[in-house]
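Asker: Sequence plus the predicted model coming up.
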Number of protein chains: 2
Amino acid sequence: MRWSRSHIHTLKEVPTDAEIASHQLMVRGGYIKKLAQGIFTYGPLALRAIKKFENIVREEMDKRGAVEILMPMVQPRELWEESHRWADMGKGLLKFKNRLDQDFCLGATHEEVVTDYVRRDVKSYRDLPLNLYQVQTKYRDEIRPRFGLLRGREFIMKDAYSFDVDVASAHRSYRIMFEAYTAIFSRLGAKFVSVRADSGSIGGSMSEEFHILADSGEDALLVAEDGSFAANVEVCPALDATIPETNNDKLQHAEKFATPGLKTIDDLSKATGVAKHDLVKTLFFSAAEEGSKDLKPICVLVRGSDEVNPIKLKSLLKLANPPLMLNEKEVRDVTGAWPGSCGPVGLTIPIYMDNGVFSLKNYIVGANEDGFHLRNVNHNREYSPTEVADLRVAREGDKNPAGSGVLKSFRGIEVGHIFYLGTKYSKSMNATFLSEKGDATLIEMGCYGIGISRTVQAVIEQSHDKDGIIWPEAIAPFHVHICLLDIADLKCATVANQLYDDLWAAGVEVFMDDRDERPGVKFKDADLLGLPFRINVGSRGLQNNEVEVVARRSKEMEKLKVNAVVGRMKDLLRK
Amino acid sequence: MRWSRSHIHTLKEVPTDAEIASHQLMVRGGYIKKLAQGIFTYGPLALRAIKKFENIVREEMDKRGAVEILMPMVQPRELWEESHRWADMGKGLLKFKNRLDQDFCLGATHEEVVTDYVRRDVKSYRDLPLNLYQVQTKYRDEIRPRFGLLRGREFIMKDAYSFDVDVASAHRSYRIMFEAYTAIFSRLGAKFVSVRADSGSIGGSMSEEFHILADSGEDALLVAEDGSFAANVEVCPALDATIPETNNDKLQHAEKFATPGLKTIDDLSKATGVAKHDLVKTLFFSAAEEGSKDLKPICVLVRGSDEVNPIKLKSLLKLANPPLMLNEKEVRDVTGAWPGSCGPVGLTIPIYMDNGVFSLKNYIVGANEDGFHLRNVNHNREYSPTEVADLRVAREGDKNPAGSGVLKSFRGIEVGHIFYLGTKYSKSMNATFLSEKGDATLIEMGCYGIGISRTVQAVIEQSHDKDGIIWPEAIAPFHVHICLLDIADLKCATVANQLYDDLWAAGVEVFMDDRDERPGVKFKDADLLGLPFRINVGSRGLQNNEVEVVARRSKEMEKLKVNAVVGRMKDLLRK
């Protein structure tokens, strides 16, 4: 491909609406152009990177017996009613009427459609197992799209769905997909980690995410130093690394004391001299399902140094979504005091206590009376917790729950997610088969997604420098970027064109900058676009029959005789 | 790919809503499954055929310097307002609001988006020419989807757009695309023809369609026997093959005569003994633009044996859409008589006369009085036509307008369409560049579509027999269909699996029927799916170390030793 005919226009300025490097670089390099919020046109270079990644995904899926199909983007309401997600998906599912006033939506995911596709024809256990996948454009009506392709509205996904006769077989299918994903992200050439994850609105009981590591990643991950464990912080068990010393203090008498103006744990710690991790924080949530009109207030206790993890609360309470915090007014209605003076003593609502609080004695809590706290409070004396559980956010330095050592903190960009679904969809949509015994049996399902366009940007977020993108070879749009430095010089143009043809013939993919621009502009743009190798073809070097080869990552330059270039490039690219 | 894991379920029965063979066969072969009216899931075999065709298209486009990008399916109203097509496209353009109450539509075509993509960065004549294309899923809200993928709502298109500095260069780009399309459809291995066409709502002044020939095709085509001319009947000039003998009759006196109950040309011909081609048919249309509240009645005269071509009327009157006929009441308001008794004499509205009427003398027309006609009417005496032009539908046997001989009639399925657009979009959307002289100049555009999913079905419509599909090799989902006839026989399974692996290793794409089904079922299904070659691997043949190879098209069978199969298949497939 030649630059002059490919409508790539680079920008010097950072676009004002691009907050992170990968988004900035994709826009500046002409990789993507915004059509509307969260909706982009992929230029020729971005599309090539996307297609390369798609093909890696296809190869690893096909190798494991998955079969590619293509499902529609426009989907009828009826199917989504069967799974109850027409309502449950909320406004993220874009709904509309066609010209005949029938309700449709744009596919944000395809569990309903694929379950219908399969149930119509699967009759017997002999028709299973199946793993069907597609690479397809999806639409999610994000309320606040940002970060370019990382949280867009229209995006490209690979989504796969497995169908099995029983749990054991479904778990096997899940494992195979885990292996496929590990192979896919390994081939990509980016640092990644797989972590335990929450299943969100997809449902199901087992799920793992694959993350490209990047400092600006939206997700907090905790990974054991010995590699035995990794989890999204949302679901990571929290274990104190140092077991608190047994507290042999005698239980003291509880008493109320005035704490005027002390509203936060910081205030209280300063005023009382008690360390934050020995204080108790009292918080209030509603255990009612989203959209319900009831308020089911609950009280949650964590150490003053800890944070409540709403995902853990959600799991404990078996809710569909993480519970929301009560507002100040609601707290006052429940406790009689404004937040800052509340505590568990005397409450008639359920009280959930984090493990960390359980080892405390003679601690301070709010008195449920504005401007007052209680000291020397002890649970199972002044009050009784409904349940003691792991409710806090885990953090770096916590004990590895699966091996030795402690957890280290990383940030990641979620690019893949695999779910064991069980019978969530087969049940609501009545997808059954006849077992060997002749019983109508619900199909066991799993689903497996990779954000294709997202991954491509995530790789850039991990792999760039101040000058631009640094593509890993596996998904680089081209391997080599020829800078034709003197377009008016016949010899120069001839050599560049010959190299272009010879490299293509040798299986090396070449992009040629044939624009009428100064060398400095061309070098800067080559660094911005970030192809693995640049070849400078200029009339000065050609006096010695030489060109320069520059590696994008290391910026190391070597001079080569023209006739040595193809061989050298094949070596460098292992072609 | 193995049948048992690919969720392909064939049907014996013809689906009730499938009217033509290709639609029936695609459904019966499990190629496509309907999700909603005009919306289909592509099964693994259909998707492979589609991808093969996509890649033929890509190769021929890339070879000619076109550059692939990918534009969004969800598009903002604002752009479509600029081209005035938000309203002009009518209900075929599916419109909706996103969660923020902003107007969007689903892309039915991408002139607006690509013009915007280009205009934002093209500054100078040096940035041109460009040819940008994409392979993308589109949605058109067809009021009556039918014929499977031939007139679906959601479908896959290749659409390309050229951008040039002037008309000469734009015509060159158009010619290059004509060559690309000719190469693409030649490689496809189906009989096709390119014809002159109407530009429809896309606009522009030059356009050609590419049709796959098939008896059930929706379009009527007229092709010169000597190959010098081909056109869609919509735009085909109509020239009588035999020039009418000079009519030397003296002009007679016109007179009114009673024709009670004679309403049609047939009635009139029978009652008067005058041949239909010597009678004159009087018709009424409205020359008002669609949606306008005015009625601009016009009268059109053709011979009794001819039909009016509304597309020709549209062009003559420079309308956006073909004019609609007046209803009976409107005709009466204009003429004073019900249809059947109307004629041109005494009318005050414009009268358009087809060339064929011009040579008639002393003819009969309606008297504009119910139950009466006039005989011995002559134009430029009893009335004067506003304009005489080619207004009739051309037909087989008409004179070739571009060479010798006559036109032959074919039916075709439109699969490609190329348009020279001129400045229609660049003007309304202000897409300009600075010319060499420094003037802001409108970009000259062309657009070029291929219905990818449509083509795949059109090929089947052309190439099938009573037993099923007959794929041309170029887009066959696989080259070879192995029927493993005795799945329980170890030797049989071993040989089949070895052949499967060896053929794949030799570049031959193999599909294996490994289902637990009787040979008869497998043979029937193989014929239905239609892969070019079938290999029967059964325990009986293996006693002689033989398998059978059956060519799908000819049904010829040959017996081969197992070790000769790979070589023979490579020969047959020229691999």
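Answerer: Happy to help now that I have it.

Asker: residues contacting A:Leu484?
Answerer: With contact set as Cβ atoms under 8 Å, 6 or more residues apart in numbering or on different chains, A:Leu484 has these partners: A:Cys492, A:Ala493, A:Ala496, A:Met512, A:Asp513, A:Asp514, A:Val537. For the C-beta atoms, the positions are set from N, CA and C on the backbone; glycine is no exception.

Asker: ok, the strand ranked longest in chain A: who's next to it in the sheet?
Answerer: Using DSSP state E to assign secondary structure, the strand with the most residues in chain A is strand A:407-422. Partners of strand A:407-422 in the sheet, by DSSP bridges, are strand A:206-213 (antiparallel), strand A:219-224 (antiparallel), strand A:444-451 (antiparallel).

Asker: which of those is buried the deepest?
Answerer: Most buried of these by mean neighbour count (mean count of other Cβ atoms under 10 Å in any protein chain shown) is strand A:444-451; its value is a mean of 26.

Asker: Could you identify the helix or strand that succeeds that strand?
Answerer: Scanning the chain past strand A:444-451 towards its C-terminal end, the next helix or strand to appear is helix A:452-462 (assignment: DSSP states H and E).

Asker: Whatever helix or strand comes next after that following helix - what's its average pLDDT?
Answerer: Read in the C-terminal direction, the helix or strand following helix A:452-462 is strand A:464-465, with elements assigned using DSSP H and E. For strand A:464-465, the mean pLDDT works out to 98.

Asker: Which neighbouring elements make contact with strand A:464-465?
Answerer: Contact here means 3 or more Cβ pairs under 8 Å, 6 or more residues apart in numbering or on different chains; DSSP states H and E; on that basis strand A:464-465 packs against helix A:21-28.

Asker: Can you pull out the low-pLDDT segments for the stretch 101-250 of chain A?
Answerer: A:199-205, A:243-247 (pLDDT under 70).

Asker: can you give me the strands for it?
Answerer: Secondary structure of the stretch 101-250 of chain A (DSSP state E, counting those that start in this stretch): strands at A:103-106, A:130-139, A:154-164, A:192-196, A:206-213, A:219-224, A:230-232.

Asker: Do any residues in the longest one lie close to chain B?
Answerer: Yes: for a cut-off given as Cβ under 8 Å from any Cβ of the partner chain, strand A:154-164 has contacts with chain B, namely A:Glu154.

Asker: That strand packs against which elements?
Answerer: Applying 3+ Cβ pairs under 8 Å, 6+ apart, we find strand A:154-164 packed against helix A:44-63, helix A:111-119, strand A:130-139, helix A:167-188, strand A:444-451, helix A:452-462.

Asker: for A:Met61, what are its contacts?
Answerer: Remark: with contacts taken as Cβ under 8 Å, 6+ apart, A:Met61 is in contact with A:Glu68, A:Asn131, A:Tyr133, A:Lys158, A:Ala160, A:Ala180.

Asker: ok, it to A:Ile184 distance?
Answerer: 8 Å (Cβ to Cβ, to the nearest Å).

Asker: cool, and A:Asp62?
Answerer: The gap separating A:Asp62 from A:Ile184 is 12 Å, by Cβ to Cβ.

Asker: Could you do A:Gln252 as well?
Answerer: A:Gln252 sits 59 Å away from A:Ile184, taking Cβ to Cβ as the criterion.

Asker: The stretch 351-500 of chain A: helices as residue ranges?
Answerer: A:355-358, A:424-428, A:452-462, A:490-505 (DSSP state H, counting those that start in this stretch).

Asker: Mind putting the ones you listed into CSV with mean neighbour count?
Answerer: Compiled in CSV, the helices of the stretch 351-500 of chain A are given as follows (neighbours: other Cβ atoms under 10 Å in any protein chain shown):
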stretch, mean neighbour count
helix A:355-358, 20
helix A:424-428, 20
helix A:452-462, 27
helix A:490-505, 17
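
Asker: Select, out of these, the one closest to chain B.
Answerer: In this view, the helices of the stretch 351-500 of chain A are compared for proximity to chain B by Cβ to the nearest Cβ, and helix A:452-462 is the closest at 9.5 Å.

Asker: returning to what we had before: mean neighbour count, the strands of the stretch 101-250 of chain A: which tops it?
Answerer: With neighbours defined by mean count of other Cβ under 10 Å, none of the strands of the stretch 101-250 of chain A is more surrounded on average than strand A:154-164, at a mean of 25.

Asker: Any idea how far that one is from the middle of the chain?
Answerer: Strand A:154-164 has its average C-alpha position 15 Å from the chain's average C-alpha position, going by Cα atoms, centre = their mean, to the nearest Å.

Asker: try stretch A:302-310
Answerer: Between the centre of stretch A:302-310 and the centre of its host chain there is 24 Å, according to Cα atoms, centre = their mean.

Asker: With stretch A:212-221 instead?
Answerer: Distance, stretch centre to chain centre, for stretch A:212-221: 8 Å (Cα atoms, centre = their mean).

Asker: thought A:Ile57 was touching A:Gly449?
Answerer: In this structure residue A:57 is Val, not Ile. No: with the criterion set as Cβ atoms under 8 Å, A:Val57 and A:Gly449 do not qualify as a contacting pair; they are 10.8 Å apart.

Asker: anything in contact with each of these two?
Answerer: By the contact definition Cβ under 8 Å, 6+ apart, A:Val57 and A:Gly449 are jointly contacted by A:Lys158.

Asker: And what about the residue of the stretch 401-550 of chain A found nearest chain B, helix, strand or coil?
Answerer: In the stretch 401-550 of chain A, the residue found nearest to chain B is A:Asp516; the distance is 6.6 Å by Cβ to the nearest Cβ. Taking DSSP: H, G, I helix; E, B strand; the rest coil as the rule, one finds A:Asp516 in the coil state.

Asker: Enumerate every residue touching it.
Answerer: For A:Asp516, the contacting residues are A:Ile487, B:Arg126, taking Cβ under 8 Å, 6+ apart as the criterion.

Asker: again, but for A:Leu407
Answerer: The contact partners of A:Leu407, by Cβ under 8 Å, 6+ apart, come to A:222-225, A:229, A:236, A:394-400.

Asker: Show me chain A divided up by domain.
Answerer: As assigned by automatic domain parsing, chain A contains the domains A:14-237+A:408-461, A:255-389, A:478-572.

Asker: Ends of the first one, what's the gap?
Answerer: One end of domain A:14-237+A:408-461 sits 15 Å from the other (Cα to Cα, to the nearest Å).
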